[in-house]
Every structure is written in structure tokens, then in C-alpha cells.
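K.L.:
Need the 3D shape of this:
(3 chains)
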Amino acid sequence: MASSIGFNLLQVLFVVALAPLVAGVLSRLKEIVQSRRGPSIFQPYRDLRKLFHKDEVVSEQASWIFRVTPHVVFVAPIFVATLIPVLTSYPLFFAFMGDMLGGGFVLALGGFFATLAAVDTANPYGPMGASRTRMVGFLAEPVFMIVFFTVSFVAGSTIPYIVQQHWVTPLSNFFAPSHVLLVIAFVMLILAEAGRIPVDNPTGHFELAMIDESKSLEYSGTGMALMKWGGQMKLLVLMCILLNVLVTPWGLASGRSAAEVLWAVPLVLLKVGLFLLVLVVIESSLSKLRLFRVSEFLGAAFVTSVVAMITGLLKF
Amino acid sequence: MANSYALLTSLNGLAAGLFLMSSFGLAATRQMQGCQRFYITQSMCLVVSALLLGLGLHAPDLLAVAALDSVMKPIVIPYLLKRTVPEEIFRRREIDQVLNIPSSLLIALALTLLAFFLSGYLPPAAGSIAAINLPVGLAGLFIGVYTLTVRREAVPQLIGIFGIENGALLCGFAIAPTLPLVIEMAFPFDMLIIALVIGILTRITQERVGTTEVGGFTSLKEGASK
Amino acid sequence: MILLAILAVPLIAALLSCLPVGRRVAPAVTLTSCTVVLAMVIAAATRVAAGSSVVAIVNWVAIDGLSALILLLVATVGSTAALFSWGYMAHEPSARHLRRYYANYNLFVFAMLSVPMLAEPNLVWTGVELTTILSVYLIAFENTHEALEAAWKYSVLTVMGGAIALLGFLALFAATRGQYPGGAYTWHTLIELAPRVSPAVLATAFVLILVGFGAKAGLVPLHTWLPDAHSQAPSPICALLSGIKTTVILYVILRLVPVLNASGKVDVDGWAMIVGLFSVGIAAFLIIQVTDYKRLFAFSTVEHMGIILTAAGIGGAAGHYGAVYQILNHALTKSFCFFAAGATLLAVDTRQIADVRGLIRTSPSAGVALLFGGIAIAGAPPLAVFLSEFSILRSGMAEQHYLATGLLAAFVIVAFFGILYHLNLMVFGQPSSQTAHSIPVKLPRSCVLTLILAAAPIIILGVYMPQPLHRLLEMAADGLSR
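P.N.:
Have a look, this model is predicted:
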């Protein structure tokens, strides 16, 4: 029991500590693909440390929501990290605290507060970006629902650990159409939720075109650091859900000794690294979609997930 | 042996799933070139499915068909289209559509569900390995008919016809894997001739009428002004 | 062997037509090959009517009563249309274009000859697709905007129909294969195996083939290409298309009727009647509002396809006899109508009904021909179509399908009045200031000759049925019931 709690805390520490590293590696890879050198992969850590030492400037129009939001955004992915399999393939202490729908709910809570905070200040760009984020969010909801529903139906449970055990057990299931199509749909979902190209440009500075970046427009100092860190953790958490639950349960520790769990850390990092390569290829070869075409993109994701559901569930 | 059968079944299912996704792409894409690329993807999935079914069911006829189609559909037919249809037509996009893309996708989804429902009425597939070919092929057929009806430009209508044929063939692999070889050979050649004829017709239309937006050709109706 | 020769002759003629030797060779070659084919087909048909079977390749190329009838019609209309083309296409300025027309004409006739001859249903599908593809160029021949529009709609809709029917044929094959693997697969074995096959599968296959080939044959609601294509093509080609191509495709659908009847659990007769009546009704009402006289005849084709299908649905020996009799008369009469329309077009140079008045004064031969054609196709006594329609109505009463017979009679009368109203205005109306020509135009001699030659069977068959032909019709009707 103590080891279970310990491993859970280790899981959370993994997500909290290594999220900036993942973000750093991603931006470095993108720069390398564009034939540039790029910043060091530890640059996000330096950015966060710098931001923590700076003063905050808060608008006079802002209310308590503005001050609370960075903390909510920081804590939400941590909650979800306790629920999903990050390092182990068996359920840990907090695993039954919430299922996948609950995890999705908590992540959405963070997004909800971020949207409110963006509207909270009197800055005109905030609400513009917030409304766009909400549009992307509600278009992505059906995809989430269908993905979760399909995997839960097949596995017979909505707890991520149990889904992961049942989903890819025989190897031939790996090539089943429902599996492949669900993965494709979920990747499109990650691109939408984490604000990557083709839905949104994460390195853009043009406020009129921002979707996801607009949530941290008004923040400075500690608030900015927490928002950035929270965003990076959200990306890592989504990637863990994709890689550990949907794609491959490989690399996760199946024994209960600390050594095995520690050994899982570089393996999971390796999986994340491979996915980062795929992400970099997608981001470098596509361009940002015009706003009205985001609905087409998410419509395609929806259709993919429904086809995955049909081929996986309808027995003919 | 049973393991490899299961693997072949899964791989066939994957090919069928990607076939279905390409059908959606065919119906929903705006660009002519995109339409053609989705058709090529669809044809490759068809070939892979034929190959897997030929291996799984020990039907050399299917392997021969796969070989022929792998040359005919992704290579010869696009080449033929490139030669007969003027270059500039392929650079076009369909700007005003009857239904916008998300609606098209949803309708295509509804047609897929209909196909899955109707596939119960066709004869049982040649074993469980081909069980998914029937509904997916039928869905490809319905989506091809939908593309044909809704699109206004010449090239998507033509690719819609090819999509219907692909869907019918995918179904055919499941329900009639022992079709005599001479007849299985006739189908790709038939498609070839159709591509040739309609390609030439498109070229003539472009030259004579100046546009290939055939959806706008309504001068032959009774009440229309000439 | 005679069957293979019948197939070979048009192919050779097509090759010869391509030779770049001026503009006289191609029409002559085409006409000669068509007459030779006609002679061979008459020989084969007499043998079939006498009771012996004509087989070229066992289980692949063979003819029975029904296919012999269709072959006879294809050969006859092919010859008359070739003769009509001689004079009609003479005005075509480009010799190369003309040669291509004749080469395509021969290939088209070859394809239509192949369909009744093939006994394996899947090859029949290939033959039907071939007829479709080979006629696209002929429809677009005039190269105007409207012709290209018609050709596009035609090609897209009919190829789609073909692809849908493909699935039906595959389902049919699979259904019977399971029962009799390794054996021959022809129309006749299909009839034998039908009782042992699951009726749901047969019904599905029939629906798919009905929808797919119904689009090709011009059954409502997939008939929208027919008025366009059959009015924009050159008139001899219209005769081929309306007179025999749609008939050939309807023949394929009719081949399935005995198969489903043999199965006994599918009510194909009811479906055939409903679909047929639907076509007749819609076409009859559409005839009233046409503005173009070639479209008038095209809608009449849709109507007659419906009548034939209804007759097949009425069933019984009398119903089937009526259906094949109607096929015979329709092919001969409709081709004559389009020849008359072609003559009219040569005379007044416009397709609009409103622009043509007093045709009898402008060109007496065209006027008389048009009026005669209209009366004949509308079903007036004492001409051929009246007899066949009457026999269908009588068989309907005998089989106690009173509602269907009543509806059929009503629709036919509506169409009758529609056709005659338009034609009356065209032929006898007072020339107003709108009419284009008032100078009498002389028609080419071959056109006049064709009109006379084509009119003869219509008049003769209205009063007298030669015994061999009667035997052939009976055998054809037999092919529909067994």
C-alpha cells in the first residue's frame, strides 16, 4: 500500500518535472527540422525559473478568477496524472478516484477557468481567443466522448488502467481497424486540444490569430509560469493517455519493485520521444488551418472516431 | 496457423478501415487533385485487401486480381486521366458546393451506417476473414453515389464513379472470391476504357464550353431558357 | 460458328471504316456489313424458330428464343439506321469525323449484338458496359454545348448504374455458386438453381440489377439522361439508342424474371408491374409538356420500356407473349419515328416544336413520315403497336390484374393524346411568322428509302403475323416464363 502511494507520487513527480523537458525537446526538434539550431532542451526550465522571480502585473478590472486560474490550470493535469497509467500497468492507489470521463472533466475544468480568466480582463484579445477556444473545445467534445465510449465498451470499464489491460492484449488487435482509427482520431484531438498546428500556431505572436495561446496573454510573473507549466503538463498528460492507454501498453512496469518503476521512466520517455517525432513531422508539413476549416478538421476526427466505433462494436 | 489467420483478419480489417476513410476523403475534399489522391489511396487499400484475402482463402484468382489492380488503378488510370484531361482542371477547387464539408462528412457517416445495416441481406462472406469487406464495400458504393450526385465539377463525378466500382469490387471479393479469372480481368479493363472515354469527354467539354462545372449544365431541361 | 461470324463482321467493318480513303467507303462498308449480319441473323433465328439450338461456345455463347428475337431486332434496326445514316450524315463536312462516326457505329452494333449472344451473366454485364461506353462518343458527335451536356449526364448516370448492377451480378453469382460449384453458369442453370437459393439474396441481387440497369434502360426515376441523350444524338443514332439499346438492357432485366419466378418466394411480378406502371405514368405526363419533338419520342421510349416491364409483370403465357410482341413492335416503330424526326430536322433545321408549323407543306415526305410515326408509336390501329398493346391489356384482364390494366390503359391514352396534339400542330398547323423555313426542302434519297423500308413492317405487322415470326415470339415468351 505504501509502495502504491509512493509510485503514485512518483508518477505525479514524473509529469510535473519532465513536462518542460518534453516541451523543450519538441521545440528543439521543430527547429532542427527547419535547419536551425534551436534553443537548448532545458530552456523551458530556465524560462520558468526566470518567471517565478518576476513581479506580477494584474489588471485593475480583474477579479478573483484571474488570480485563481493559474493555480487551477497547474493543478488540473496533476489530478489527471494520478488517474492514468504513466509508469505502471497495474492500478495504483488513486486509480479508482476517477475514471476517464472524470479525467476529461478535470482537464476541461482547467480550460474553463482559463477561458473565464481571459474574459476577465478588459483586454479585447482575450475574449476573442476565448471564444475560439470554446468553439474548438465543443467541436472536440463528441470525439472525446466517442473515443472514451468505444474503449470503455470493449474493455468493460472506464478506468484507464483496466482499459489499457484489455485494449491491445492480443497482438493482432493492434492492426484492428477500430484501434488504428481511434488512434488517428485521438491524435487529431491532441492537436486540437493542445493547440498545435494545424489547429493553432503555438509559436505565433499574432494576437488576432491566437486560439490557445490567448489564455496566457494577460499573465506575468508567477501566474505566467504556472499557466505555461500547466499547458506543458496538459500536453504530456494527453500524450500519456494516448501512448499508454490507446497505442501500446509496452514499457510500463508490471512488477511492484521500485527498480522496475524507475526503469519504466526512460522507457516511457522513449515512447514520448517517438511520438514527438511524429508530432514534429505533422507540424512541419501542414500549415495552420483557417478558422472556419477547423470545423472540417474536427468533423473529420469525429467521423474517424465513429467509424472506429462502428467497426469495433458492430458484430456482423 | 490460426494465429496467422487472425493476423490476416486484422490486417484485412485495417485495409478495409483505411478504404472507408479514403471514401470519406473522396466525398469531402475540395481539390481535384486531392480527390484523385484519395482515389489512389482507396485503390491501394483494395489491392491490399485482395492480397490478404487471396492469402487467407488460398484463392490464387484473387492474387492475380490484386496484381492486375495494383498496376491498373494507382498507376495506369491516373496516368490516363493526366493525359486526357487538361492539366488546369486538376488545379481547380470546387468553390461553391451544394453541401459544405462537415455536412458531407455526416451524410457519408449516415450512409456507412446504412451500409452496415444492409450488409446483413447479402450472402454470407467467404469466412470471417472477409466479414468486414461487405459493409465497407457497400459503404464505398453509397458514398460514391453520393459524391456523384452532390458534386458539381467533372473530376469529382468521375472519381465518384470509380469509387462506386471500388466499393462493388471490395464487396465482390467477399461474396464471390471464386469468380472466373476472365471475368475478374474484365472489370479493371472496363474501368480503363471508362477513364479513357470520360477523360476525353472532359477535355472536349473544357474546350467547347470553357468550364467543367457540369453541375451547372441545365440548358436541356424543359423550362430552361436556351 | 455463325454466331461468332455475326460478331466478327461488324468488327471488321469498324476497322475498314477507319481507313483514310475518303468519305464514300465507310458508309458503304457499314451498310454492307449490317446487311450481311442481318442475313446471318435471319438464318440463325429461323433455325431457332424451327426448334434446334444454335450454339457457338457451349455455356458461353449461345442463343435461345428470346435472344434470337433481340438479335433479329438489333440487326434489322442496325441495317435501316445504316441506310439512313448514308443520306443523313452526308452533310458532315469533315471526312475524318465521318469515318470516326462509322467506325464507332460498327463497334456499337457489335457490342449490342454481343449482349443477347452471351450466356454467362457476368459477361453480359461486360457487354452492356461496352454498349454504354461505345455510345458516349456518338451522343457527343455534334459537339455542341447541349450535346456535350447530354453526353456527360448519360455517361455518368449509366456508368453509375453499371457499377451498382455489378454488385447485383456478383451477389447472384455467389448465391448460386454455393449450390453448384464447378458447374456451368448460364441463364438457364440460374433458373434451375433458383429454388435452392435463399430468396433474400435473390431479391437483393434483383433490386440492385433493377436499379442499376434500370438507370441504363431509362426506367423512372433514373431516366433523366434519356431525353437529353436521345435528342441530342444524330437521328440514326437516336434510332439505335431508343429502338434497340434500351431494349437490349431491358432484355437483361427480363432474363431475371423467370429466375425469380422459379424461386417462387419472391414476388417479382408485383415489383415489375409497379416499376413499369410508374415509368409509364410519369412518361405519359411528361410527354404533354415537351418542347422538342425528339424529346417527345424519347419520353415515349421511357413509356414503352415501362409497358414492356408491366407486361412481363402481368405474367402468364399471354402476358409474356404481349411483352415480347411489344419489344418487337416498339423497336421497329421507334426507329421509324426517329428516322422521321431526322427527316424533319433536315427539313426545318430546328428541334423546337413551337418553331415547326405546317410541315406537310414544307416537306411532304417528312410531314407524312412524322405523322405516321407519331400515330404508330402512340398505338393507333391498324398499326403494329396497337395490336401488341391491346394484347397486353387483354392478358392483364385475363390474369385479373384489373387495377394495373386500368392504369396502363389510362396512361397509354394520355400519352396518345399528348403525342398527337404536338404532332398535329407540327404537321398541319398554320405557318406563323415564327417558322424558319417555308421553302420546300428535298430529303436525301436514302432517307426516303429508309422511311419507306422501315414503315413497311409496321404496316404489315398491324394486319398479318408471319408464321415463323409467330413461332419465334412464342419461343421468346417461353424463355420468359421458364
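K.L.:
quick one: the strands in chain C?
P.N.:
For chain C, applying DSSP state E gives strands covering C:54-57, C:61-63.
K.L.:
Quick check, C:Ala454 in contact with C:Cys337.
P.N.:
No: between C:Ala454 and C:Cys337 there is no contact under C-beta atoms under 8 Å: 9.4 Å. C-beta here means a position set from N, CA and C on the backbone, and glycine is covered the same way.
K.L.:
And the two? Which one has more around it.
P.N.:
Neighbour totals were compared for C:Ala454 and C:Cys337, and C:Cys337 leads with 33 against 28 (other C-beta atoms under 10 Å in any protein chain shown).
K.L.:
Where does pLDDT dip in the stretch 251-400 of chain C?
P.N.:
Along the stretch 251-400 of chain C, segments meeting pLDDT under 70 are nowhere present.
K.L.:
Residue of it closest to chain A, please.
P.N.:
Nearest residue of the stretch 251-400 of chain C to chain A: C:Val266, at 23.8 Å (C-beta to the nearest C-beta).
K.L.:
burial count for the residue nearest to B:Ser104 when sequence neighbours are not counted?
P.N.:
Excluding its sequence neighbours, the residue lying closest to B:Ser104 (C-beta to C-beta, 6 or more residues apart in numbering or on different chains) is B:Ala28, at 5.0 Å. Using other C-beta under 10 Å, B:Ala28 is surrounded by 26 other residues.
K.L.:
dump the residue contacts of B:Ala28.
P.N.:
Counting by C-beta atoms under 8 Å, 6 or more residues apart in numbering or on different chains, B:Ala28 makes contact with A:296, A:300, B:101, B:104-105, B:108.
K.L.:
near chain A, which residues of chain B show up?
P.N.:
Contact residues (C-beta under 8 Å from any C-beta of the partner chain) of chain B with chain A: B:3, B:6-7, B:9-11, B:13-14, B:16-18, B:20-21, B:24, B:28, B:101-102, B:105-106, B:108-109, B:112-113, B:116, B:119-120, B:131-132, B:134-135.
K.L.:
Tell me how many other residues surround residue 138.
P.N.:
In the absence of a named chain, chain A is used. Neighbours of A:Phe138 (other C-beta under 10 Å): 10.
K.L.:
Chain C was what I was after
P.N.:
Counted with other C-beta under 10 Å, C:Leu138 comes out at 23.
K.L.:
quick one, phi psi at B:Val85?
P.N.:
phi -90, psi 130 (degrees, to the nearest 10).
K.L.:
so it touches B:Arg203, yeah?
P.N.:
Yes: at 6.0 Å, B:Val85 and B:Arg203 qualify as touching, with contact defined as C-beta under 8 Å.
K.L.:
These two: which has the busier surroundings?
P.N.:
Set side by side, B:Val85 and B:Arg203 show more neighbours around B:Val85, with 25 against 17, by other C-beta under 10 Å.
K.L.:
if we can go back for a sec, there's contact between the residue of the stretch 251-400 of chain C closest to chain A and C:Thr204 in this structure, I believe.
P.N.:
No: look at C:Val266 against C:Thr204 with C-beta under 8 Å: they stay out of range, at 10.1 Å.
K.L.:
Measure how buried the residue of the stretch 251-400 of chain C closest to chain A is and give me the count.
P.N.:
Neighbours of C:Val266 (other C-beta under 10 Å): 19.
K.L.:
what's the nearest residue to A:Leu286 if we skip its chain neighbours?
P.N.:
Using C-beta to C-beta, 6+ apart and skipping the chain neighbours, the partner closest in space to A:Leu286 is A:Pro198 (4.4 Å).
K.L.:
where's that neighbour, which helix or strand?
P.N.:
A:Pro198 belongs to no helix or strand when assigned by DSSP states H and E.
K.L.:
Tell me how many other residues crowd it.
P.N.:
19.
K.L.:
Tell me how far it lies from C:Tyr185.
P.N.:
52 Å (C-beta to C-beta, to the nearest Å).
K.L.:
ok, the one helix or strand A:Phe302 maps to near chain B or not?
P.N.:
Using DSSP H and E, A:Phe302 maps to helix A:291-313. Yes: applying C-beta under 8 Å from any C-beta, one finds helix A:291-313 in contact with chain B at A:295-296, A:299-300, A:302-304, A:306-308, A:310-311.
K.L.:
got those as a markdown table, with distance to C:Ala49 columns?
P.N.:
Converted to a markdown table, these look like this (distance: C-beta to C-beta, whole Å):
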| residue | distance to C:Ala49 |
| --- | --- |
| A:Ser295 | 68 |
| A:Glu296 | 64 |
| A:Gly299 | 63 |
| A:Ala300 | 63 |
| A:Phe302 | 64 |
| A:Val303 | 59 |
| A:Thr304 | 62 |
| A:Val306 | 60 |
| A:Val307 | 57 |
| A:Ala308 | 62 |
| A:Ile310 | 56 |
| A:Thr311 | 56 |
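K.L.:
So stretch C:171-180, near chain B or not?
P.N.:
Yes: Stretch C:171-180 is in contact with chain B by C-beta under 8 Å from any C-beta, via C:171, C:173-175, C:177-178.
K.L.:
any idea which of the residues you listed is closest to A:Pro142?
P.N.:
Nearest to A:Pro142 among the residues of stretch C:171-180 next to chain B, counting by C-beta to C-beta, is C:Ala171 at 35.5 Å.
K.L.:
Nearest spatial neighbour of that closest one, chain-adjacent residues omitted?
P.N.:
C:Ala205 (4.1 Å).
K.L.:
now swap in A:Lys54 and tell me
P.N.:
Using C-beta to C-beta, 6+ apart, the nearest residue to A:Lys54 is A:Gly221, at 4.3 Å.
K.L.:
From C:Leu118, how far off is that neighbour?
P.N.:
Separation of A:Gly221 from C:Leu118 (C-beta to C-beta): 84 Å.
K.L.:
These two: which has the busier surroundings?
P.N.:
Remark: of A:Gly221 and C:Leu118, C:Leu118 carries more neighbours, 23 against 17, as counted by other C-beta under 10 Å.
K.L.:
Contact partners for the nearest residue to the more buried one once chain neighbours are set aside?
P.N.:
In this structure, C:Leu118 finds its nearest non-sequential neighbour in C:Val124, 5.0 Å apart by C-beta to C-beta, 6+ apart. Going by C-beta under 8 Å, 6+ apart, C:Val124 touches C:115, C:118, C:252.
K.L.:
isn't the last one right up against C:Val115?
P.N.:
Going back to what we said before, that points to C:Val252. Yes: counting by C-beta under 8 Å, C:Val252 sits close enough to C:Val115 to count as a contact (6.9 Å).
K.L.:
Find the residues that touch each one of the two.
P.N.:
In contact with both C:Val252 and C:Val115: C:124, C:128, using C-beta under 8 Å, 6+ apart.
K.L.:
And the helices in chain B?
P.N.:
Secondary structure of chain B (DSSP state H): helices at B:2-28, B:32-57, B:60-71, B:77-84, B:101-118, B:133-150, B:154-175, B:181-209.
K.L.:
Turn those into a markdown table, columns for mean pLDDT.
P.N.:
Shown next, in a markdown table, are the helices of chain B (pLDDT from 0 to 100):
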| stretch | mean pLDDT |
| --- | --- |
| helix B:2-28 | 85 |
| helix B:32-57 | 89 |
| helix B:60-71 | 83 |
| helix B:77-84 | 83 |
| helix B:101-118 | 88 |
| helix B:133-150 | 90 |
| helix B:154-175 | 86 |
| helix B:181-209 | 77 |
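K.L.:
Compare the ones you listed and give me the one nearest A:His166.
P.N.:
helix B:2-28 (16.0 Å).
K.L.:
tell me the angle the closest one makes with helix B:154-175.
P.N.:
160 degrees (axes from the mean of the first three to the mean of the last three C-alpha atoms, to 10 degrees).
K.L.:
Show the buried residues in the residues of helix A:291-313 next to chain B.
P.N.:
By neighbour count, with 16 or more other C-beta atoms under 10 Å in any protein chain shown, the residues of helix A:291-313 next to chain B hold A:295-296, A:299-300, A:302-304, A:306-308, A:310-311 as buried.
K.L.:
Tell me who's in contact with residue 76.
P.N.:
All of this is about chain A. A:106-107, A:109-110, A:230, A:234.
K.L.:
hmm, I had chain C in mind actually
P.N.:
C:Thr76 makes contact with C:38, C:331-332, C:457 under the criterion C-beta under 8 Å, 6+ apart.
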